[in-house]
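> quick one, structure for this:
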Amino acid sequence: MSDHRPEAPLHIDAAQRGAGPFVWRFPLYHRITHGAVIVSFFLLVITGLPLRFSEAFWAGPLMALLGGVKMAGILHRIGAVITFSYFGAHAAFVVRRLWKEPDPMKLFWGQDSLVPQPRDIVDFWHQTRWYFGRGPRPRFGRWSYMEKFDYFAVFWGVAIIGSSGLMLWFPEFFSRFLPGWLFNVATIVHSDEALLAAGFIFTIHFFHVHFRPEKFPLDGVMFTGRATRSYMEEEHPGVMDEIDRHAGEMPSTRQQPDTPAPPPTRAASLTAAALGFLALAVGVSLTGMILWAVILY
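Residues are numbered from 1 along each chain as shown. This is a model prediction of the structure:
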């Protein structure tokens, strides 16, 4: 007789801690997009840092590890193509959502919207007070103010870093109608904005998503797409009414947010943990390299 008992949760994953059942948080499309963001971002940072800090002791070995300057340039452009691809695909996704949504304003206002709202300012203030033990933790809806910031940071990052990068990639074309001094500006903007993005992701984003005491050492919800009820009660209590509305339903593979989900398999959990720890290790290492170069050079 086969054993159909559910596999034990991976307790190093914050999204699998606490009482069940599991509910869907992110559908497959968002997880694939997030994966594309990770791959392209690391490609761009790893191939760009040796140029920005060429005098650092690690720049030469890293460039050699990448296969030399020419190969690093190719990899950098591959990262750029992936970035523009997922950005264009997501823009099409948003337009499609607006077209098919019976009430498009839901995408611009309310707790299900990613658009910043006055409540986010209040939540930020309450969160700050909570950090210092001066008040209760805010009750976030589907998206916290930090998640909204992360989301829109991609938009202005692609706009600023992407546009300046295209100028440097195709100087002959853009020099037909742009003054020469603008390419010097593009070089500075491209480098500084990219460094700012890397610093933010590897410190603020990593801390908020993975290194907070209640999440340490890993939150794999974006990899598996699902989390326990306890996780959602703690992180996003504002959606619990919607989760409770579906509480009596059977777990489904449809990946509809807030609906019951089957627990992630052990293989999926371990794969998510491996990918997560790999990304964290590379990000923390790159942060150390940046700090070394900034402080000592």
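> tell me where the chain is predicted with low confidence.
1-8 (pLDDT under 70).
> would you map the helices across it?
With helices called from DSSP state H, the chain shows them at 28-52, 59-65, 69-100, 118-131, 145-157, 163-169, 171-174, 181-200, 206, 221-224, 229-235, 240-245, 266-296.
> among these, which is nearest residue 16?
Residue 16 lies closest, by CB to CB, to one member of the helices of the chain: helix 266-296, at 6.8 Å. Glycine gets a C-beta too; all of them are placed from N, C-alpha and C.
> can you pull the buried residues of that closest one?
Across helix 266-296, burial judged by 16 or more other CB atoms under 10 Å covers 268-269, 272-273, 276, 279-280, 283, 286-287, 289-290, 293.
> one step back: go through the helices of the chain and pick out the most buried.
Ranked by mean neighbour count, the helices of the chain are led by helix 221-224 with a mean of 23 (mean count of other CB atoms under 10 Å).
> name the residues that touch that one?
Residues outside helix 221-224 that contact it (CB atoms under 8 Å, 6 or more residues apart in numbering): 13-16, 25-26, 30-31, 34, 227, 231, 264, 268-269, 271-272, 275-276.
> follow-up on the earlier one: want to try TSV for the helices of the chain, with distance to residue 251 as columns?
Shown next, in TSV, are the helices of the chain (distance: least, CB to CB, whole Å):
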stretch	distance to residue 251
helix 28-52	16
helix 59-65	44
helix 69-100	25
helix 118-131	31
helix 145-157	25
helix 163-169	44
helix 171-174	53
helix 181-200	36
helix 206	31
helix 221-224	13
helix 229-235	12
helix 240-245	13
helix 266-296	14
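> between those, which one is nearest to residue 215?
Short answer: helix 229-235, nearest of the helices of the chain by CB to CB, at 8.8 Å.
> now find how far off-centre that closest one is within its chain.
20 Å (CA atoms, centre = their mean, to the nearest Å).
> and the residue nearest the centre of the protein?
Using CA atoms, centre = their mean, the residue of the chain that lies closest to the mean C-alpha position is residue 34, 5.9 Å off.
> contacting residues for it?
Contacts of residue 34 (CB under 8 Å, 6+ apart): 26, 222.
> how much space separates it from residue 44?
Noted for residue 34: a distance of 16 Å to residue 44, by CB to CB, to the nearest Å.
> likewise for residue 15?
For residue 15 relative to residue 44 (CB to CB), the value is 27 Å.
> try residue 107
Distance from residue 107 to residue 44, by CB to CB: 29 Å.
> try residue 138
34 Å.
> also residue 214?
In terms of CB to CB, residue 214 sits 31 Å off from residue 44.
> quick one: contacts for the residue lying closest to residue 55 once chain neighbours are set aside?
Using CB to CB, 6 or more residues apart in numbering and skipping the chain neighbours, the partner closest in space to residue 55 is residue 297 (5.3 Å). Residues near residue 297 by CB under 8 Å, 6+ apart: 53, 55, 56.
> look up phi and psi at the second one.
Taking degrees, to the nearest 10, you get phi -90, psi -10 for the backbone angles of residue 55.
> number of nearby residues for it?
9 (other CB atoms under 10 Å).
> and for the first one?
A count of nearby residues for residue 53, using other CB under 10 Å, gives 19.
> could you pull up the contacting residues of it?
Applying CB under 8 Å, 6+ apart, the residues near residue 53 are 59, 289, 290, 293, 297.
> need the contact partners of stretch 152-162.
With CB under 8 Å, 6+ apart as the criterion, stretch 152-162 contacts 37, 80, 83-84, 87, 114, 116, 189-190, 193-194, 197, 200.
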